[in-house]
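[1] I would like to see how this sequence folds:
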Amino acid sequence: MENIFATFLQTAGLYDSKEICEDNIADLIELLKGNVKISAYCKECKQERVFHMKPIEYYFETGPEGMKKLGVHLLARK
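    You can find the predicted model right below:
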């Protein structure tokens, strides 16, 4: 199954856009989690290479008022 956002990144022009909707949000999540591999030509090493996204870290606060803790998690684990 093809990921529409990976295809968009490889084929769209610089100023093209892609609407995010209920039908394609799962594809975007999989791309951001690093689960989608993109095969592309690398001009530096002159070979076909496989790329994927590094999982995104996000920060949040928890705990009662005045006693908040800052937590760090990877998007791929949620």
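[2] Distance check, the residue sitting nearest the centre point of the chain against residue 46.
    Most central in the chain under CA atoms, centre = their mean is residue 32, positioned 1.6 Å from the mean C-alpha point. With distances taken as CB to CB, to the nearest Å, residue 32 is found 29 Å from residue 46. (C-beta placed from N, C-alpha, C; glycine too.)
[3] Relative to residue 44, how far out is the residue nearest to the centre of the chain?
    Noted for residue 32: a distance of 25 Å to residue 44, by CB to CB.
[4] which regions of the protein sit below the pLDDT cut-off?
    1, 58-78 (pLDDT under 70).
[5] quick one: the helices in it?
    Read by DSSP state H, the chain holds these helices, from start to end of the chain: 4-11, 25-32.
[6] quick one, the first one and helix 25-32 angle?
    Put simply, helix 4-11 runs at 60 degrees to helix 25-32, going by axes from the mean of the first three to the mean of the last three CA atoms, to 10 degrees.
[7] List the contacts of helix 4-11.
    16, 18, 24, 27-28, 31, 36, 38, 40 (CB atoms under 8 Å, 6 or more residues apart in numbering).
[8] ok now that helix, how far from the chain's centre?
    Offset of helix 4-11 from its chain centre (CA atoms, centre = their mean, to the nearest Å): 12 Å.
[9] Buried residues, that helix. List them.
    5-6, 8-9 (16 or more other CB atoms under 10 Å).
[10] Having no further points to raise, I will conclude here.
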